[in-house]
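**Student:** sequence plus the predicted model coming up.
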Amino acid sequence: MGGDHGPRVTLAACRTFLDQHPDARLILVGLPEALSDFAHPRAEIVAASEVVAMDDPIEVALRRKKDSSMRLAIEQVKNGRAQAAVSAGNTGALMAIARYVLKTLDGIDRPAIAGRMPNFRGGGTTMLDLGANVDCSPEHLFQFAVMGSALVSVLDNVESPSVGLLNIGEEEIKGNEVIKKASELLRSAAKSGDLNFYGNVEGTDIYHHTVDLIVCDGFVGNVALKASEGLAFKISDTLKNSFKRNIFTKIAAIVAYPVLSSFKNQVDHRRYNGAALLGLNGIVFKSHGSADELAFGTALNRAYDAAHHNLLDRVRARIAHVAPLLAAGASSADASPASH
């Protein structure tokens, strides 16, 4: 029911998804009148009496709308009827409801939003957190790296993903105290063979695919995400308007069109839609609210792949394996003079 377009887009994407995945089933959760025209032998309808609006405060979504399509969808995952949930609705509400219903994994303090950012090599660079946690401790950033590494390993089929810590420079002396401490934890994990830590990376490395995974706090990550989306929209507008001016700009547009069109496809966010809410006791993916049929289908496919390849079990295993490092880091922080 969520997103800017609602069932008009999501149902069309669901039909395509079912055609592409003959082993998959879908549970469509929403208002009965909005879903009444959808029929498929591998799909069922779960009726909801309420919908979380895109501008609903989190308190309203979490406490008052207990029969919302978003809440019921998450509960399908909790009770084992579904292996993953996908929503294009209100991001804050989705995170709050998912955290309340599913709870967090043992060893995880805060869930994070992990998504793919287009890069100039025609692929995607996974990045987290993209907005769930504005203020993060070094331990939080370390947890994000562990969870994100598992995600990249599953969805991109990379055995040992390279991890970069977003900073204002590559040098170890750069950054604030949180970044420096997080870097120490990540280097310790690299020495023990638990993470493939590359080191500090800068903003340009997002687009050059210097590493497979980039870790940052949610404030920085969300700014980077919105800037990337703005770039893609600007390129689209340039292509649309390039033939509307004088003869000289039209000639230039004809020459540049193949290059601009190719670049537009590379940075097309629809091909990278679907952000994972990592750290929960269940698989939940967030689609962009403005997603069209292609974009929402991409989110469905990513959730399918995550469930198919046991993402949740892999995240649990990695967190359990690095638990001693996290404990050692916390003990070190408690013993430092700055913490007293």
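**Tutor:** Cool, the structure landed.

**Student:** what about K66, how many residues nearby?
**Tutor:** Around K66 there are 12 other residues, counting by other CB atoms under 10 Å. In this view, the C-beta of every residue, glycine as well, is placed from N, C-alpha and C.

**Student:** number the residues from 124 up from this point.
**Tutor:** Understood, numbering begins at 124; the last thing we discussed is K189.

**Student:** what's the distance between the nearest residue to it once chain neighbours are set aside and F419?
**Tutor:** Closest residue to K189 apart from its sequence neighbours, by CB to CB, 6 or more residues apart in numbering: E173 at 7.9 Å. According to CB to CB, to the nearest Å, E173 and F419 sit 21 Å apart.

**Student:** pick out whichever of these two has more residues nearby.
**Tutor:** Shown here are E173 and F419; by other CB under 10 Å, F419 has more neighbours (27 against 17).

**Student:** contacting residues for the more buried one?
**Tutor:** Counting by CB atoms under 8 Å, 6 or more residues apart in numbering, F419 makes contact with G126, V132, T133, A136, V209, A211, N396, S410.

**Student:** which residue packs closest to it, ignoring adjacent ones?
**Tutor:** A136 (4.1 Å).

**Student:** the one you found - that's part of a strand, no?
**Tutor:** No. Secondary structure of A136, determined by DSSP: H, G, I helix; E, B strand; the rest coil: helix, with no strand assignment.

**Student:** so it sits against N424, correct?
**Tutor:** No. Contact criterion CB atoms under 8 Å: A136 and N424 do not qualify, at 9.6 Å.

**Student:** how about A446: what's its closest non-neighbour residue?
**Tutor:** Of all residues not flanking A446 in the chain, G230 sits nearest, at 5.6 Å (CB to CB, 6+ apart).

**Student:** same deal with M193?
**Tutor:** Going by CB to CB, 6+ apart, M193 has V175 as its nearest residue, at 4.7 Å.

**Student:** pull the contacting residues for the one you found.
**Tutor:** G125, V183, A184, K188, S191, S192, M193, R194, G212, N213, A216, I220.

**Student:** the stretch 274-423 of the chain: strands as residue ranges?
**Tutor:** Assigned strands in the stretch 274-423 of the chain, in chain order: 285-289, 319-324, 336-338, 398-401, 407-409 (criterion: DSSP state E, counting those that start in this stretch).

**Student:** L253 is nearest to which of these?
**Tutor:** strand 398-401 (6.1 Å; CB to CB).

**Student:** what about dumping the CA coordinates of the closest one to CSV?
**Tutor:** Presented in CSV, the C-alpha positions along strand 398-401 are these (Å, rounded to 0.1, in the frame of the first residue of the first chain):
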residue,chain,number,x,y,z
ALA,A,398,17.7,-1.2,1.2
ALA,A,399,18.0,-3.9,3.8
LEU,A,400,17.1,-3.2,7.4
LEU,A,401,20.0,-5.1,9.0
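
**Student:** in it, what counts as buried?
**Tutor:** A398, A399, L400, L401 (16 or more other CB atoms under 10 Å).

**Student:** quick check: the farthest pair among the residues you listed?
**Tutor:** Checking the buried residues of strand 398-401 with CB to CB, the most distant pair is A398 and L401, at 9.3 Å.

**Student:** run a quick neighbour tally on D340.
**Tutor:** 24.

**Student:** try A430
**Tutor:** Neighbours of A430 using other CB under 10 Å come to 20.

**Student:** list the contacts of R165.
**Tutor:** Residues near R165 by CB under 8 Å, 6+ apart: L141, A147, R148, L149.

**Student:** quick check: the last one touching L141?
**Tutor:** Yes. Shown here, L149 and L141 form a contact pair, counting by CB under 8 Å, at 6.3 Å.

**Student:** need the overlap of contacts for the two.
**Tutor:** Contacts common to L149 and L141, judged by CB under 8 Å, 6+ apart, are H163, R165, A166.

**Student:** so what's the last one closest to, chain neighbours aside?
**Tutor:** Okay, so that is A166. L149 (4.5 Å).

**Student:** go on, V343?
**Tutor:** Nearest one to V343, counting by CB to CB, 6+ apart, is L289 at 6.3 Å.

**Student:** okay, now the one you found: neighbour count?
**Tutor:** For L289, the neighbour count with other CB under 10 Å is 22.

**Student:** now do G215
**Tutor:** G215 has 16 nearby residues by other CB under 10 Å.

**Student:** look up the closest residue to N424, ignoring the ones flanking it.
**Tutor:** F140 (7.0 Å).
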